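Visitor: here is a sequence together with a model predicted from it:
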Amino acid sequence: MKAIPFDLFAPPRSRSAPGAAADNPLSVGDLALRAREVVESHLRPIWVRGEIVDFKRHRNGHWYFCLRDRLAQIRCVVWSGDQHRMPAPPDDGMQVVVFGHMTVYTARADLQLKVTRIDAEGDGLWRKAMELTLAKLRREGLLDESRARAAAEAALKDAQPMSDNAYKVVIAKVIVRRAIMHAAGLEAA
């Protein structure tokens, strides 16, 4: 017995392309996928300037925020794997320049920018990274003046029998440490 090549009870198929006629519509998911294909294939990675708003750090490690100016705003995402390129998470209201590429988040058909780099206008992110580091060191007691003096004295004592070049390296490290202490306001220069 020969197999029937088509279903006799199925509704007739349209000869038009999907979505081109009422009898052959696209699903919402298919439309979102097509939109993503168009956006990702026609837009190159770009630099965008704007202000960070609605910054959220998700429990999965990703960062979500909007980037806006006076005319528009765009949703942005920074995947947790891309955050190692950034000195610190940005703050709401921070003026930044970001690098990324446009995509469509298909679950909501939202246009979004996948950010792979963030540079703050001025020294914002680097200053924030330094402040976070100093705060952590203070909490751990590593910037106590008594510890710094003891460490410097021990370094000098250990460095005296070393060769001249090694001694200079240790002295340079002590000078850098004192500069950090001075910047943190823990010691007079």
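Guide: Happy to help now that I have it.

Visitor: residue boundaries of the strands in the protein?
Guide: Applying DSSP state E to the chain gives strands spanning 46-57, 63-68, 73-78, 95-105, 110-120.

Visitor: among those, which is nearest residue 25?
Guide: Taking Cβ to Cβ, strand 95-105 is the member of the strands of the chain nearest to residue 25, at 19.2 Å. All C-beta atoms are positioned from the backbone trio N, CA, C, and that covers glycine.

Visitor: okay, now the sheet partners of the closest one, with direction.
Guide: Sheet partners assigned to strand 95-105 using DSSP bridges are listed as strand 46-57 (antiparallel), strand 110-120 (antiparallel).

Visitor: tell me which of those strands lies nearest to residue 86.
Guide: strand 110-120 (5.1 Å).

Visitor: pLDDT-wise, which helix or strand of this structure ranks last?
Guide: helix 145-159 (a mean of 64; mean pLDDT, DSSP states H and E).

Visitor: if we can go back for a sec, in TSV, list the strands of the chain along with mean neighbour count.
Guide: Below are the strands of the chain laid out as TSV (neighbours: other Cβ atoms under 10 Å):
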stretch	mean neighbour count
strand 46-57	15
strand 63-68	20
strand 73-78	19
strand 95-105	18
strand 110-120	19
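
Visitor: as TSV, those strands with mean pLDDT and distance to residue 133 would be great.
Guide: Below are those laid out as TSV (pLDDT from 0 to 100; distance: least, Cβ to Cβ, whole Å):
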stretch	mean pLDDT	distance to residue 133
strand 46-57	93	18
strand 63-68	95	19
strand 73-78	95	20
strand 95-105	93	20
strand 110-120	92	16
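
Visitor: tell me which of these lies nearest to residue 143.
Guide: Closest of these to residue 143 is strand 110-120, at 24.8 Å (criterion: Cβ to Cβ).
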